[in-house]
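> Provided below are the primary sequence and the corresponding predicted coordinates.
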Amino acid sequence: MKRVEILQQVSGTRNGVDWPPKGAEWELPDAEADDYEAAGFVKILPEQEGRPKTPASYAPEKDVERAEGPDPKVEVRAEPPKGPVTRATGPVPK
């Protein structure tokens with residue numbers, strides 16, 4: 001892992017965690033840190049003993065709530081059309 005400084009705000013998430021703000025320090029896998037540095041998004045920081053670890057607010061949560069499948073009690077009211085469908089006519093009669 002390499003310690004990096006974020007040089008540009010990155011939108012979205014990485015492994016389900018929001019990217020830290022510009023100027024923050026973060027740890028990334030070596031290859032990923034090298035790629036982001038080449039793209040100008042981060043600066044790789046020299047290794048230093050005693051440097052604080054990644055802030056807890058940027059670390060992945062251990063007990064992340066996971067989405068489950070659809071509720072089996074929900075009634076399905078309409079079936080999708082069978083066979084080819086066109087925009088103008090809807091289902092094509094056989």
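Received, thanks. Residues are numbered from 1 along each chain as shown.
> where are the low-confidence patches of the protein?
48-67, 69-72, 74-77, 80-81, 83-94 (pLDDT under 70).
> what do you get if the cut-off is 90, keeping everything else the same?
1, 9-20, 25-27, 46-94 (pLDDT under 90).
> that one: strands as residue ranges?
Applying DSSP state E to the chain gives strands spanning 2-6, 13-14, 17-18, 25-28, 42-44, 85-86, 90-91.
> and those strands: which comes nearest residue 78?
strand 90-91 (12.3 Å; CB to CB). Any C-beta I mention is one placed from the backbone N, CA and C, and that applies to glycine too.
> residue 4 is in contact with residue 46, isn't it?
No: Residue 4 is not in contact with residue 46 according to CB atoms under 8 Å; the separation is 11.1 Å.
> between these two, who's got more neighbours?
residue 4 (22 against 6; other CB atoms under 10 Å).
> tell me the contacts of the more buried one?
25-28, 33, 36-37, 42-45 (CB atoms under 8 Å, 6 or more residues apart in numbering).
> ok, for it, nearest residue in space, not its chain neighbours?
Closest residue in space to residue 4, ignoring its immediate chain neighbours: residue 42 at 3.9 Å, by CB to CB, 6 or more residues apart in numbering.
> count the neighbours of the one you found for me.
So residue 42, with other CB under 10 Å, has 24 neighbours.
> for it, give me its contacts.
4-7, 26, 28, 33, 36.
> make a ChimeraX selection of the buried ones in those.
This is the ChimeraX syntax for the buried subset of the contacts of residue 42, where burial follows 16 or more other CB atoms under 10 Å:
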select :4,6,26,28,33,36
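> can the contacts of residue 42 go into CSV with extra columns for distance to residue 20?
Below are the contacts of residue 42 laid out as CSV (distance: CB to CB, whole Å):
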residue, distance to residue 20
4, 10
5, 10
6, 6
7, 12
26, 5
28, 11
33, 14
36, 12
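> circling back to that earlier point, can you tell me how far the residue nearest to residue 4 sits from residue 32?
9 Å (CB to CB, to the nearest Å).
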